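In: When you get a sec, could you give me coordinates for this:
(chains A and B)
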Amino acid sequence: MHRTEQEQAELLKEISGVDTKKCMKCGKCSASCPAYEEMDIRPHQFVSYVQNGDVKALLKSKSIWKCLSCFACVERCPRDVKPAKLIEAVRLMVIRERGGNYLTPDEVPELLDEELPQQLLASAFRKYSK
Amino acid sequence: MQRIGVFVCHCGTNIAATVDVARVVEAAAKEPGVVHAEDYQYMCSEAGQLKIREAIKEKNLTGIVVCSCSPRMHENTFRQAAERAGINPYMVEIANIREHCSWIHKDIEEATEKAVILARAAIAKVTLNAPLQSGTSRVVKRALVIGGGIAGIQTALDIADAGYEVDIVEKTPSIGGRMSQLDKTFPTLDCSACILTPKMVEAAAHDKITIYTYSEVEKVSGFVGDFQVDIRKKARSVDMSKCTGCGVCQEKCPSKKTPNEFNRGLNTRSAIYTPFAQAIPNVPVIDRENCIKFKTGKCGVCSKVCQAGAIDYEQKDEIVTQNYGAIVVATGFDTIKLDKFDEYSYSTSPDVITSLELERIMNAAGPTKGHLERMSDHKPPKSMVFIQCVGSRCADKRGKSYCSKICCMYTAKHAMLIRDKYPDVEVTVFYIDVRTPGKNFDEFYRRAVEEYGVNYIKGQVGKVAEKGGKLLVQGVDLIDNKRILMETDMVVLATAIEPNPDVRKIATMLTASIDTNNFLTESHAKLRPVESPTAGIFLSGVCQGPKDIPETVAQAGAAAVKVVGLLAKDHLVTNPCTAKSDELLCNGCSSCEKVCPYGAISYEEKEVNDHGIRETRRVAVVNSALCQGCGACTVACPSGAMDLQGFSNRQILAEVDAICR
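Out: Residues are numbered from 1 along each chain as shown, chains lettered A, B, ... in the order given. All right, here's what the predicted structure looks like:
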């Protein structure tokens, strides 16, 4: 099923339970974030990107793999917005993206090397073909 | 048989957009007793009232129903219109088809049906209405002001200048309040003491003002025009008539380790103390919890050194009972506790302080004699960071949902004063929004930036940590989208303000309503901002909502005018909708007497004639001057003897019947 960016933004809000309208743009989430310097899109921007329906950029962002899920932003946000939950939701959306990271048998020979455990391949088939 | 007129108001589109008023008129006209029904765009306007008056005269109406807004809004308007046309004002009923109907419904069908039902109920009630006559009650020409800060002082002065007696009750040993703790005031930077202390002196010297310091309101009874109040004058342990205010007792007192409340705990004070040098009255009190004499029985140094012999260890609390026509609440505020904001290291580092603490540090009479220094090592700071909105505008439980309103301006003031006096100190302010509405306010903030070089960064600070005697501040600059990691010497937190915690107790005594943030509720947010919904109770200063000094003084004056308007009356017209007991039905059980919150019911031995049998019975008697018409007694009465005039059991059941029909 193909979703528009706006629908994806709605889904992100639903998965995370975050109401982006509550944000007053104080930036305390980014100010608290220990991974801030590593991120291309900062925690406070996640909130406004989702609010504005700009999801594509978030799905491509390396920030989702840099977030430590330490929840400092959730703890300190004065508006109870919970930015980490939004980042988590984007991460889930990428992982669950159907087809995008599906593993076909043709791709396997290239990936094989001596150190790669057999189990990993088996689980990759299972995980991404459902 | 009643001849009833029904008047349906459109309220512009407020009602007419959601309720089909023509159908309400049509339905009402068919009700028994209704001889006239019409609608009009604005019933409350002069033209609308004229329609009512003309209909009353032409159709010989005996009672009217107005289907319009809440009775709180215009019941009085329509009662007066009815009276002018010659019918008793209590022959008027309001069907609230705005707040209770059009405003809360979207569907026209549903709303119209409900409006018809509400009109029907009001018609059923007015059919059973009887003319009622108001009585009068006295007005005690004296006002009570609770709280002796700038709000209370200004209100008291304005009432007293109008010629009425005023008593100020202040909990602490001196009047002056928060303003006496401030160093300079924005936007003109005049020194707080220079403008406050003359007012304190004026209040103390005024022949119409009595000041009770170190005192608290303990009990309130009565009602508008005639409140009876018990004031507890706590034992000062110092005879006010003898003390000369020389201060020797405070110097010699050996117990000097009590945190000094006036200096926000930044230094200590003696057990016998006046909060500050300009205190009024300039008479110390003994803090018995920290006094060696009271704790161990041994000491008595103050008594030995007092030339005037004013120390009195045996002094007891005293209760003063006084009657007042009006009561003004001016209980002020405090800063919130910061124990839930550990990320700013307030409780662990002495160099992280609140803005009110900085006021004391900057003040010449403060703990550092006005020298800007760190509380940890008493060294002057080279850089300072101000953090705004600490605990304000919070959606979570750690802080307050509202904007504290004064912080943006006092932070700009602090930053500017520091840059002015200590140009070498780097000053950075972290803000979320800078809110400076007010005359010359934004110009003031811009001066801090443009003329004094204060560095304003948009972005809330995430964390403050102590590191090697310095403070490490971690934040972001949201405009540059950059991480800020800076070392600084002092951090000042613009801490949220909250109403004085005692206000809950006081509001309960006064039956004055209070909101979820403990601010007292005004009678109407726009049109009656200084009156509590409880008659005779007025609001002054921050107890009603956050405000700065100019606003507080303006509101204090407004409250005073309202008080004077009340005290100027010779008597008050009482509400005739009071309880009445049928002595033939009364079984003398005392249930009503027990539930009456106003002490309006007593029992008398009375001779009654019950169907020819004459006997003496114990029956309830209502003092209609005290009865406020709450109706608690009518619910409590098991025999149906007690009834509320204007809201009789029959009337209410008739309304219910009309709704369920």
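In: Residue B:353 reaches residue B:361, doesn't it?
Out: Yes - applying C-beta atoms under 8 Å, one finds residue B:353 in contact with residue B:361, separated by 7.3 Å. In this view, the C-beta of every residue, glycine as well, is placed from N, C-alpha and C.
In: Overlap in contacts, the two.
Out: In terms of C-beta atoms under 8 Å, 6 or more residues apart in numbering or on different chains, residue B:353 and residue B:361 are both contacted by the residues residue B:375.
In: residues in contact with residue B:8?
Out: By C-beta under 8 Å, 6+ apart, the contact list for residue B:8 reads B:21, B:24-25, B:28, B:37-40, B:43, B:67-68, B:97, B:119.
In: Arrange the residues you listed in a markdown table, one row each, with secondary structure as further columns.
Out: Below are these laid out as a markdown table (DSSP: H, G, I helix; E, B strand; the rest coil):
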| residue | secondary structure |
| --- | --- |
| B:21 | helix |
| B:24 | helix |
| B:25 | helix |
| B:28 | helix |
| B:37 | strand |
| B:38 | strand |
| B:39 | strand |
| B:40 | strand |
| B:43 | coil |
| B:67 | strand |
| B:68 | strand |
| B:97 | coil |
| B:119 | helix |
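In: Enumerate the residues of chain A near chain B.
Out: Chain A comes close to chain B at residues A:22, A:24-33, A:36-37, A:42, A:44-45, A:72, A:76-80, as judged by C-beta under 8 Å from any C-beta of the partner chain.
In: Among the residues you listed, name the buried ones.
Out: A:24, A:26-33, A:36, A:42, A:44-45, A:72, A:76-79 (16 or more other C-beta atoms under 10 Å in any protein chain shown).
In: can you list the domain ranges for chain A.
Out: Listed by automatic domain parsing, the domain ranges of chain A are A:5-97, A:100-130.
In: Just say which of those is most tucked in.
Out: Per-stretch averages of neighbours, counted by mean count of other C-beta atoms under 10 Å in any protein chain shown, single out domain A:5-97 among those, with a mean of 19.
In: what about it, distance to the chain center?
Out: The chain centroid and the centroid of domain A:5-97 are separated by 8 Å, computed with C-alpha atoms, centre = their mean, to the nearest Å.
In: now the end-to-end length of it.
Out: End-to-end distance for domain A:5-97, by C-alpha to C-alpha, to the nearest Å: 13 Å.
In: avg pLDDT for it?
Out: Averaging pLDDT along domain A:5-97 gives 94.
In: now do stretch B:383-392
Out: Here stretch B:383-392 scores 98 as its mean pLDDT.
In: got it, and stretch B:48-64?
Out: Stretch B:48-64 shows a mean pLDDT of 97.
In: Check which residues of it are buried.
Out: For stretch B:48-64, by 16+ other C-beta under 10 Å, it's B:48-49, B:51-53, B:55-56, B:61-64.
In: Equivalent analysis for stretch B:180-196, please.
Out: For stretch B:180-196, burial by neighbour count (16+ other C-beta under 10 Å) applies to B:180-187, B:192-193, B:196.
In: Return the distance of stretch B:355-369 from the chain's centre.
Out: Centroid separation for stretch B:355-369 versus its chain: 29 Å, with C-alpha atoms, centre = their mean.
In: how about the one residue in the stretch 351-500 of chain B that gets nearest to chain A, what does it touch?
Out: Nearest residue of the stretch 351-500 of chain B to chain A: residue B:462, at 3.1 Å (C-beta to the nearest C-beta). By C-beta under 8 Å, 6+ apart, the contact list for residue B:462 reads A:28-33, A:72, A:76, B:343, B:474-476.
In: Next, format those residues as JSON lines and append distance to residue B:14 and secondary structure.
Out: JSON lines is the format used below for the contacts of residue B:462 (distance: C-beta to C-beta, whole Å; DSSP: H, G, I helix; E, B strand; the rest coil):
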{"residue": "A:28", "distance to residue B:14": "42", "secondary structure": "helix"}
{"residue": "A:29", "distance to residue B:14": "42", "secondary structure": "helix"}
{"residue": "A:30", "distance to residue B:14": "45", "secondary structure": "helix"}
{"residue": "A:31", "distance to residue B:14": "46", "secondary structure": "helix"}
{"residue": "A:32", "distance to residue B:14": "47", "secondary structure": "helix"}
{"residue": "A:33", "distance to residue B:14": "49", "secondary structure": "coil"}
{"residue": "A:72", "distance to residue B:14": "49", "secondary structure": "helix"}
{"residue": "A:76", "distance to residue B:14": "44", "secondary structure": "helix"}
{"residue": "B:343", "distance to residue B:14": "48", "secondary structure": "helix"}
{"residue": "B:474", "distance to residue B:14": "52", "secondary structure": "strand"}
{"residue": "B:475", "distance to residue B:14": "48", "secondary structure": "strand"}
{"residue": "B:476", "distance to residue B:14": "47", "secondary structure": "strand"}
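In: can I get the residues you listed in a markdown table with distance to residue B:507?
Out: A markdown table is the format used below for the contacts of residue B:462 (distance: C-beta to C-beta, whole Å):
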| residue | distance to residue B:507 |
| --- | --- |
| A:28 | 34 |
| A:29 | 37 |
| A:30 | 41 |
| A:31 | 38 |
| A:32 | 38 |
| A:33 | 43 |
| A:72 | 39 |
| A:76 | 33 |
| B:343 | 33 |
| B:474 | 41 |
| B:475 | 39 |
| B:476 | 42 |
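In: Where do the domain boundaries of chain B fall?
Out: Domain ranges of chain B: B:4-127, B:142-234+B:318-332+B:500-567, B:248-305, B:336-497, B:579-645, per automatic domain parsing.
In: would you turn these into CSV with distance to residue A:67?
Out: Listed next are the domains of chain B as CSV, based on distance: least, C-beta to C-beta, whole Å:
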stretch, distance to residue A:67
domain B:4-127, 43
domain B:142-234+B:318-332+B:500-567, 35
domain B:248-305, 40
domain B:336-497, 15
domain B:579-645, 58
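In: Of these, which is nearest residue A:86?
Out: Closest to residue A:86 of these is domain B:336-497 (C-beta to C-beta; 15.8 Å).
In: got the buried residues for stretch B:13-22?
Out: B:14-16, B:18-21.
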